[in-house]
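Colleague: quick check, what structure comes out for this input:
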Amino acid sequence: MGPHPAVAAIRLAVRRVLHDVLVNPSTSPPSPPAPAAAPLVLVACSGGADSMALASALAFEAPKLGVRAGGVTVDHGLQDGSEVRAAEVAERLRLLGLEPVECIGVSVGRDGGPEAAARDARYAALDAAAERHGAVAVLLGHTRDDQAETVLLGLARGSGIRSLSGMAQVSGAGGRYRRPFLRLDRQTVRRACLAQSLPVWDDPHNVDPAYTRSRVRHEALPILEKALGKGVVEALARTAQLSRDDADALDAWAAQAEAEVRTDVRPAGAAPAGVEAPAEPDAAQCAAELPSAEPAAVGPAAVELDAVGLHALPPAVRRRVLRRAAIAAGAPAGSLFARHIEEVDRLITGWRGQRALNLPGRVEVRREGGRLVIRQG
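Modeller: This is a model prediction of the structure:
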């Protein structure tokens, strides 16, 4: 007799991702030389049902594909006894047969709120662990329910289509992070843990109404399903994929349009015209508008754009070009919101001789004749 259907589902999801990792490994080269014998894939595990199910599936599938499987658990230090729980999770990973296993303690700051700060610290620790061990990928346990919550959060903030696209199946530097469970619901993953008698830890923060995502999970989504019927989670997750396809197409259009309307770049260390600037923040990172630290100063920069050419572009493309240009001039991507781009856009669509605008990162935007000039102060 085969495995429980839920166990079979999680193993199939991981198997598909491992196949993809072997064909398309992360393009971010690890610091230590990669072992010649077998590539290493790490799983990020909090001890919850989602990540424990993921760890069990990785432990089962990796040896069959000639992949080494390891694990990382991050202790955020936000609860009493968290270091003991983290050590217990690490031991459970070792009992599953994962090696190497690392328990990493982090210090959580305050920037962007508690959820964003914890996420920042967690991803920094995972990045460092992947570099340290030479891992080709890090698996994350986000499910379809997490995706639906992310889309709903983006919708409530009035964010753009990139935010509504939720979390990507592949993200991070060089495609390091993979999310095998984005097409599986949370109940399936939890049933897989029960079927395998896996011990799990339910983080009390997940039911604490002080956290926005917790309120979405336990209050907003149940109300929507009660009012609209079952299928809301699936519909929101489907919206994420459709939005991602549209956002990718618009970003590609904007990259081409930027090269056509950018008339001059005078960096003192910036990229030449046509070099792609970072896109809108990926909601896969997640769940809240996340102010990021300003990059180290590289000297004054000026980006000049043709105002007539900008005016001729569709609004969705034009705003993307303006955002890319502002980032290229030194504005921190995580602190650049829709309201900033709307103000810049009015210098093109509603020009009445307005004064210069100030953007985050000491970036100034002014209209000079037929040009829009964006420079860092």
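
Colleague: so how far is the helix or strand containing V373 off the chain centroid?
Modeller: In this assignment (DSSP states H and E), V373 forms part of strand 371-376. Mean C-alpha position of strand 371-376 versus that of the full chain (C-alpha atoms, centre = their mean, to the nearest Å) differs by 29 Å.

Colleague: and that strand, what does it pack against?
Modeller: strand 302-306, helix 307-311, helix 315-328, helix 338-349, strand 363-368 (3 or more C-beta pairs under 8 Å, 6 or more residues apart in numbering; DSSP states H and E). Every C-beta, even on glycine, is put in place using the N, C-alpha and C of the backbone.

Colleague: buried residues, the fourth one. List them.
Modeller: Within helix 338-349, the residues that count as buried by 16 or more other C-beta atoms under 10 Å are 338, 340-341, 344-345, 347-348.

Colleague: and the gap between the nearest residue to E88 once chain neighbours are set aside and R68?
Modeller: Using C-beta to C-beta, 6 or more residues apart in numbering and skipping the chain neighbours, the partner closest in space to E88 is G47 (7.2 Å). Relative to R68, G47 is positioned 22 Å away (C-beta to C-beta, to the nearest Å).

Colleague: again, but for C193
Modeller: Distance of C193 to R68, computed by C-beta to C-beta: 23 Å.

Colleague: where does the stretch 101-250 of the chain have low pLDDT?
Modeller: Applying pLDDT under 70 to the stretch 101-250 of the chain flags residues 111-112, 114.

Colleague: grab the longest helix from the chain for me.
Modeller: Criterion DSSP state H: the longest helix present in the chain is helix 232-261.

Colleague: burial of L221, as a residue count?
Modeller: Using other C-beta atoms under 10 Å, L221 is surrounded by 18 other residues.

Colleague: now the closest residue to H218 other than its chain neighbours: how far from G2?
Modeller: Take H218 and drop its neighbours on the chain: the residue closest to it by C-beta to C-beta, 6+ apart is V207, 6.4 Å away. To G2, V207 is 34 Å away according to C-beta to C-beta.

Colleague: neighbour count: the two, which is higher?
Modeller: Neighbour comparison, V207 and G2: the larger count goes to V207, with 11 against 6 (by other C-beta under 10 Å).

Colleague: can you spell out which helices and strands pack onto the longest helix of the chain?
Modeller: Short answer (3+ C-beta pairs under 8 Å, 6+ apart): helix 232-261 packs on helix 144-157, helix 161-164, helix 221-228, helix 307-311, helix 315-328.

Colleague: hmm, 10 Å instead?
Modeller: helix 144-157, helix 161-164, helix 221-228, strand 302-306, helix 307-311, helix 315-328 (3 or more C-beta pairs under 10 Å, 6 or more residues apart in numbering; DSSP states H and E).

Colleague: cheers, nothing more for now.
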